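In: Next one to model:
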Amino acid sequence: MPTDTARGTILIVDDEAPLLRLITRVLERDGFTTLTAADGEEAKAQLDEHGDAIDGAILDVFIPPNGIEEVIDHLAANRPDMPMMFSSGDMPTPELGARIEKLGASFLRKPFQPRALVEQVARMVEASAAGGSG
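Out: Predicted coordinates for the structure are as follows:
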């Protein structure tokens, strides 16, 4: 549950538990508050419970049970203004890549350096704050 929003609250969705813990640790060490989900159902539940408090989302491109598209649709319906960053060890399919681009989201290829993660998340949150709520 979010306790400190000094730099923003980030929802992290990844089905690889060690990576989910690592991303959480890196972001929290840099002052972000985090919420986590191991699959699409957990992600939607976190969005429903904390949606207005979430400043951005990091989404693994390949998540169970029904994939990233369902989470994107849920976000679009409930928080269309939420900035998103996608991550994967593989490049997204051309169709998903086009949707990521249309959403104005960024993509971070795994493996990545912790500093690259923090910098990209900070840019995502700052760009959203600069754009205002909409």
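In: drop to CA atoms for contacts and neighbour counts, all remaining ones
Out: Fine.
In: List the neighbours of the helix or strand encompassing R123 that are in contact with it.
Out: Using DSSP states H and E, R123 sits in helix 114-131. The contact list for helix 114-131, computed with CA atoms under 8 Å, 6 or more residues apart in numbering, reads 7-8, 23, 26-27, 30, 55-56, 82-85, 108.
In: quick check, nearest of those to D15?
Out: The shortest approach to D15 among the contacts of helix 114-131 belongs to I23, at 12.1 Å (CA to CA).
In: What about that closest one, how many residues nearby?
Out: If you count neighbours by other CA atoms under 10 Å, I23 ends up with 21.
In: which of the contacts of helix 114-131 are buried?
Out: R7, G8, I23, L27, D55, G56, M82, P83, M84, M85, L108 (16 or more other CA atoms under 10 Å).
In: any idea how far R29 is from A76?
Out: 29 Å (CA to CA, to the nearest Å).
In: same question, L35
Out: 14 Å.
In: And the two? Which one has more around it.
Out: More crowded of L35 and R29, by other CA under 10 Å: L35, with 19 against 11.
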